[in-house]
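J.: One predicted model, sequence on top.
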Amino acid sequence: MSSLYIHIPFCPRICPYCDFLKLYYFPDWGKRYAAKLAEEISAIPGLFDTIYLGGGTPTCLDLSDLSKVLSACQAHLKEGGEFSIEGNPESFSKRLCVQLALYGINRASIGAQSANPKTLQTLGRSHSFADATHAIANLRQAGISNLNLDLMYALPEESEAEVKEDALTFARLPITHLSAYSLILEENSVYGKKGVKEADEDTQANQFLAIKKALEKQGFHQYEVSSFAEPGYECRHNLNYWEDGYYAALGIGAAGYDEKGHYKNRIGLLDYFEHGSIRDYENESTQDQLETFLLTNLRLVKGFAVSEFIRRFGEDEWGKLRRKAQKDIDLGLLAIDQGRVYCTGKGLMLLDSVLLDLF
Ligand code: SF4
């Protein structure tokens, strides 16, 4: 599987909990950035199975600028490939959705976060739930029906009943995929600096279980720590990350992975305008690679094949891992069955602790 991630860092408004690499959107910056991206994409050799435009808010670019990027991408997408874009609900206008479909976008991820006005206000979001339903309608009308909604939970003072109601409301919409994220307040975010506190671990776990139950009732299945899909609609691009596959990355701060290892593009915007994406490769030891393999694959409900681990790291490492795994197998957090290693439902919720035991 070959994948391409493109980072568009601009947002028309900055959310107070956000710790992603984002910049306030200025049309002139957007224009120069899109032109450079289109130039870089056109210069890439080969075709991709999946292309993902993430951010930031890629949909905030001026339509003519975004079209240049989309057109360059379209020429590098394999037939039947997955071509995704993410954006905030209010940005998916009818006009934009028609353009997206015209350039071959066939999957969209909508940062809806919640159906509850109080929660949206706490998150400092500028859209309403009605904006999310309009976005879905516009996308579907344009022929884009493979749709993800982001759902955020574990906010301060949010009850389990409210979270469950949110999940059910989202799951009843005509979407194919849902990503449920607990609010994590990094120190660099506005809320982090203000000392806003996340919900405690037990509350987070209970809320997640309530979401899972609500989504399963509506026909979605969990296939990754935070991801739920209708059968056949698992995100192919993200699956490639979690299966530790290679992916190219363009744009400032974008992370990629190739035969030389993991890299991150430099973050300076003015440098980007002049030089394009400049990769800084991580200096990875075999142990680092092994940890990344576990960190990604064990996010998946299906885990990984023992044979793949042995192919990558050898029999000796497998022997060591097998011994380290016993404690979590006994605790019911990890399982080895039919040649695969995977976390149980409980293990997925305690993934950090499982990984610490295995490293
Ligand atoms: S959460 Fe998303 S929309 Fe909000 S500032 Fe961060 S990248 Fe932009």
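T.: Received, thanks. Here the structure is a predicted model, which means the values were calculated and not measured.
J.: Would you mind writing the CA trace of stretch 88-99 as CSV?
T.: Coordinates of each C-alpha in stretch 88-99 appear next as CSV, following Å, rounded to 0.1, in the frame of the first residue of the first chain:
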residue,chain,number,x,y,z
ASN,A,88,-14.8,21.8,9.8
PRO,A,89,-18.6,21.4,9.3
GLU,A,90,-19.3,25.0,8.3
SER,A,91,-16.6,24.8,5.5
PHE,A,92,-18.4,22.1,3.4
SER,A,93,-20.6,24.4,1.3
LYS,A,94,-22.5,23.1,-1.7
ARG,A,95,-20.0,24.8,-4.0
LEU,A,96,-17.0,23.3,-2.3
CYS,A,97,-18.5,19.8,-2.2
VAL,A,98,-19.2,19.8,-5.9
GLN,A,99,-15.6,20.9,-6.6
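J.: ok but residue 158 is inside a strand, no?
T.: No. Using DSSP: H, G, I helix; E, B strand; the rest coil, the secondary structure at residue 158 is coil, not a strand.
J.: Give me the number of neighbouring residues for it.
T.: 21 (other Cβ atoms under 10 Å). Every C-beta, even on glycine, is put in place using the N, C-alpha and C of the backbone.
J.: Identify the residue nearest it in space, chain neighbours excluded?
T.: residue 119 (6.1 Å; Cβ to Cβ, 6 or more residues apart in numbering).
J.: how about the one you found, secondary structure?
T.: helix.
J.: Kindly state the neighbouring-residue count (a burial measure) for residue 201.
T.: Based on other Cβ under 10 Å, the number of other residues close to residue 201 is 12.
J.: quick one, phi/psi of it?
T.: Torsion angles at residue 201 (phi, psi; degrees, to the nearest 10) stand at phi -60, psi -40.
J.: circling back: surely the residue nearest to residue 158 is in contact with residue 113?
T.: Yes. Between residue 119 and residue 113 a contact is recorded at 7.2 Å, counting by Cβ atoms under 8 Å.
J.: got the residues of the stretch 101-250 of the chain near the ligand?
T.: residue 111 (Cβ under 6 Å from any ligand atom).
J.: again, only using 5 Å
T.: Within the stretch 101-250 of the chain, no position lies close to the ligand (Cβ under 5 Å from any ligand atom).
J.: Find the closest residue to the ligand in the stretch 101-250 of the chain.
T.: residue 111 (5.8 Å; Cβ to the nearest ligand atom).
J.: show me the contacts for that residue.
T.: 57, 86-89, 150 (Cβ atoms under 8 Å, 6 or more residues apart in numbering).
J.: Could you export the host helix or strand of it as CSV, CA atoms only?
T.: Using DSSP states H and E, residue 111 falls within strand 107-113. Output of strand 107-113 as CSV, limited to C-alpha atoms (Å, rounded to 0.1, in the frame of the first residue of the first chain):
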residue,chain,number,x,y,z
ARG,A,107,-14.0,10.4,1.5
ALA,A,108,-14.5,13.3,3.9
SER,A,109,-13.8,13.7,7.6
ILE,A,110,-15.9,16.3,9.4
GLY,A,111,-14.7,17.9,12.6
ALA,A,112,-18.2,17.8,14.1
GLN,A,113,-17.1,17.0,17.7
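J.: Which pLDDT value does the model give the closest residue to residue 35 other than its chain neighbours?
T.: Once flanking residues are discounted, residue 35 sits nearest to residue 68: 6.6 Å by Cβ to Cβ, 6+ apart. Residue 68 carries a pLDDT value of 97.
J.: Wasn't residue 68 part of a helix?
T.: Yes. Under the criterion used here (three-state DSSP), residue 68 sits inside a helix.
J.: So it sits against residue 39, correct?
T.: No. Using Cβ under 8 Å, residue 68 is not in contact with residue 39; the gap is 9.2 Å.
J.: Next up, the contacts around whatever residue of the stretch 201-350 of the chain ends up closest to the ligand.
T.: Using Cβ to the nearest ligand atom, the closest approach of the stretch 201-350 of the chain to the ligand is made by residue 253 at 11.5 Å. By Cβ under 8 Å, 6+ apart, the contact list for residue 253 reads 7, 9, 21, 264-267.
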